[in-house]
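Enquirer: quick one: sequence plus predicted model below, questions after.
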Amino acid sequence: QVELVESGGGLVQAGGSLSLSCAASGRIFSMYAMAWFRLAPGKEREFVGGINSSGTGTLYADSVKGRFTISRDNAKNTVSLQMNDLKPEDTAVYYCARSTIVVPTAGPNNYYYWGQGTQVTVSS
């Protein structure tokens with residue numbers, strides 16, 4: 001059984017920064033890609049960024065490229081999302097997800113385990 005628990009969300013002004021963290025249970029964390037998705041009111045779930053199993057490769061949505069950075073620590077079973085230069089349109093619930101393969105993909109179908117989400121609100 002895999003459990004993902006996100007933390008670090010909150011309220012920030014536009015232009016500010018937040019760092020999200022996701023702690024994963026289970027002994028095979030390092031075998032799979034991890035990703036962050038977000039869901040804003042009235043919108044569809046959106047891929048934010050992903051990282052491969054070894055942490056050597058990343059994939060980002062165009063909307064966050066250059067502002068967000070995803071990283072992982074396989075020794076601690078954690079994945080993080082550093083968000084800089086936040087914009088009001090980044091407001092959403094952010095979810096951590098564990099893939100069933102080693103490389104990140106933008107589509108949600110390869111992600112079997114999901115966290116409960118953490119709210120990020122960016123005020124203008």
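Expert: Received the coordinates, thanks.
Enquirer: need the pLDDT of residue 27.
Expert: Residue 27 carries a pLDDT value of 72.
Enquirer: and it, how far from residue 110?
Expert: 20 Å (C-beta to C-beta, to the nearest Å). Bear in mind the C-beta positions are built from the backbone N, C-alpha and C, glycine included.
Enquirer: centre-most residue in the protein?
Expert: With distances taken as C-alpha atoms, centre = their mean, residue 36 lies nearest the centre of the chain, 2.2 Å away.
Enquirer: contacts for stretch 4-13, please.
Expert: 18-25, 86, 93-98, 113-123 (C-beta atoms under 8 Å, 6 or more residues apart in numbering).
Enquirer: got a list of what the spatially closest residue to residue 34 that is not a sequence neighbour touches?
Expert: Nearest residue to residue 34, sequence neighbours excluded (C-beta to C-beta, 6 or more residues apart in numbering): residue 79, at 4.3 Å. Counting by C-beta under 8 Å, 6+ apart, residue 79 touches 21-22, 24, 34, 36, 51, 70-73, 96.
Enquirer: which strand or helix spans residue 79?
Expert: strand 78-83 (DSSP states H and E).
Enquirer: and that strand, which strands flank it?
Expert: strand 18-24 (antiparallel), strand 68-73 (antiparallel) (DSSP bridges).
Enquirer: before we move on, the earlier item: what bridges to the residue nearest to residue 34?
Expert: Applying DSSP bridges, one finds that residue 79 bridges with residue 22, residue 72.
Enquirer: would you mind finding the most buried of the strands paired with strand 78-83?
Expert: strand 18-24 (a mean of 20; mean count of other C-beta atoms under 10 Å).
Enquirer: show residues contacting the next helix or strand after that strand.
Expert: Counting by DSSP H and E, the element after strand 18-24 in chain order, helix or strand, is strand 34-39. Here strand 34-39 makes contact (C-beta under 8 Å, 6+ apart) with 20, 22, 24, 45-51, 70, 72, 79, 81, 90, 92-99, 104-105, 108, 111, 117, 120.
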